[in-house]
Each structure stands twice: as structure tokens, then as C-alpha cells.
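Asker: Kindly return the folded structure for what I paste below:
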Amino acid sequence: MFKAVLFDLDGTLLNIDMDYFLKHYFRKMVELAVEMGYQDGHCLVNRVWRSTEVMIADLNPESSNEEVFMRDFCQNLPYSLEEIRFFFDHYYQEHFPRLKDFCSPFLGIPEMMNYIMKQNLKVVIATNAVFPMSALQDRIRWAGLGHYDFELVTSYELMHFCKPHVQYYEEIVDKIGVNPEDCLMIGNDTGEDLPASKIGMKTFLVEDMLIDKGSNYQPDWRGTLPDLFDFVRKTL
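Answerer: Numbering: from 1, shown residues only. Prediction:
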């Protein structure tokens, strides 16, 4: 039935409360900024939020998400792009991995993925492309899936669009060479994951850590993780 399966990561494959996680994420970022001598670490956090919003809104196919973020972030700062890149590289290499304690794996996810990987399907980690690859690989490992060779992981280095834009999903199918009608998108956020249906993808809404801020999208299927496991066995 399907040739590709796309998975959201946070709240779908990984048990993580992003509001709780981000508090610690930014706390460690502020600590590093102070340690490295940057002025006003809290101002840096506000700038990260702003530049992330700019990156999400940007629809210029000529610039990667990383380029959009860095271009906006560096505006009017007394630091060079190289200095800023060094700061973020150091943070994601040395400090981000220490956030593992603020999330946990879901039971049954590795077994489900092991089954899917045997079905000759292209499997994509279709998380919102606002993080670098290193941070995504860490979270994939935390979910117990670090040993799999996925067809694509949508990092901000690789992608030119973010959720919930349909261009994000169009870029994925272009990269993996599969028609949207042959794809299944699985996620827990009605506003970010279900827009995949606008280009013809089928969708499964995972309800364990449901995020629904009033979206009008309706999934083709929905249920808890055990329901998803049953669906996978019967459908893929």
C-alpha cells in the first residue's frame, strides 16, 4: 500500500514533553553563553526564539533553514558568523547530549521500527527541521533507534522549509523520490503533521502525547501507540 513511512520524532517516537525539555535546553544554553563570555545569555535565548520563528516562516527555496536562521540571528551582533557557529557547534556537541535525562523511550517503538525496516519501505524521520543533524541523531538514539539507517532525517542543514508548510512535505517526497500518495505520515501534532494530507499523503495521528491547538485537519487513522503498532502489522 505504501512505499514510504514518515515519522514525527518528538512525542511520536520519543517520549518528550517539549515545553519541559526546552526549559532545560535553554538553561544549559544560557550557562554556556555565560561561560564563554557572551553578553546577556538570556538575550541570546530571546534571539534564538525570534530567529527560529523567522526560519519557520521563510519560504525561500534558495536558502537552507540553517542559512535563514544564522543570517537572522547574526544581525546586529558584535560577533562574526564563525564565532556564532562555534558557539552552537560546541553547545550541540558537548551540552545537548546531557539533556537525555529529560526524556525517555517509548516501549515498543524499537520493535515496531524493526518490523517496518524489514518491509522494503523508505523510512523518514520527518521532525520539524529546526535543529541541526547532531541534535536529531541524539534524540533518535534516545528513542532507541540510533542503529537504523533512515532514508532521510529532516535537519535544518538539509531542508529549506519547516512544518506546517506543505513545501516541507513536498521537499521530502522530492528528496526520496516517492509520490505523496504512496506515503504515510505518522505524528502527534494535528497542526504540524496532518498538513501532509494537503499533498495527498495519508496520515495517522498518535494520541499518547497529542498536540491539538484547534487544527481543522482530520487524520485518516488515529489511536494510541498500541493502536499504531497493530495498524503497522496489519497494513505495512
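
Asker: what residues are up against the spatially most central residue of the chain?
Answerer: For the chain, the residue nearest the mean C-alpha position is residue 127 (2.4 Å; CA atoms, centre = their mean). Contacts for residue 127 (CB atoms under 8 Å, 6 or more residues apart in numbering) come out as 8-10, 136, 139, 153-154. Quick note: C-beta positions are derived from backbone N, CA and C, even for glycine.

Asker: What residues does residue 201 make contact with?
Answerer: Contacts for residue 201 were tallied using CB under 8 Å, 6+ apart; they are 6, 169, 180-181, 183-185.

Asker: where do the strands sit along this protein?
Answerer: Along the chain, counting by DSSP state E, strands occupy 4-7, 14-15, 104-105, 122-125, 152-153, 183-187, 202-206, 221-223.

Asker: right, so of these, which gets closest to residue 32?
Answerer: Each of the strands of the chain has some distance to residue 32 by CB to CB; the shortest is strand 14-15, at 23.3 Å.

Asker: Can you list the neighbours in contact with that closest one?
Answerer: Residues external to strand 14-15 that are found in contact with it (CB under 8 Å, 6+ apart): 103-106, 139, 142-143, 209.

Asker: quick one on the thing from earlier: among the strands of the chain, which comes closest to residue 84?
Answerer: That would be strand 152-153 among the strands of the chain, by CB to CB, at 23.5 Å.

Asker: outside of that closest one, which residues touch it?
Answerer: 122, 124-127, 133, 136-137, 140, 158, 172, 175-176.

Asker: strands paired with it, and their directions?
Answerer: Paired with strand 152-153 in the same sheet, following DSSP bridges, are strand 122-125 (parallel).

Asker: got JSON lines for the contacts of residue 201, with distance to residue 28, neighbour count and pLDDT too?
Answerer: Listed next are these as JSON lines, based on distance: CB to CB, whole Å; neighbours: other CB atoms under 10 Å; pLDDT from 0 to 100:
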{"residue": "6", "distance to residue 28": "30", "neighbour count": "28", "pLDDT": "99"}
{"residue": "169", "distance to residue 28": "32", "neighbour count": "26", "pLDDT": "98"}
{"residue": "180", "distance to residue 28": "38", "neighbour count": "19", "pLDDT": "98"}
{"residue": "181", "distance to residue 28": "43", "neighbour count": "12", "pLDDT": "98"}
{"residue": "183", "distance to residue 28": "36", "neighbour count": "26", "pLDDT": "98"}
{"residue": "184", "distance to residue 28": "35", "neighbour count": "23", "pLDDT": "98"}
{"residue": "185", "distance to residue 28": "31", "neighbour count": "27", "pLDDT": "99"}
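
Asker: Which pair of those spans the longest distance?
Answerer: 6 and 181 (13.2 Å).

Asker: mind listing what residue 154 touches?
Answerer: Taking CB under 8 Å, 6+ apart, we find residue 154 in contact with 124-129, 168, 172.

Asker: Now stretch 136-155: buried residues?
Answerer: Buried residues in stretch 136-155, counted by 16 or more other CB atoms under 10 Å: 136-140, 142-145, 150-155.

Asker: Sitting in helices, which of those residues do you find?
Answerer: In helices, defined here by DSSP state H, the members of the buried residues of stretch 136-155 are 136-140, 142.
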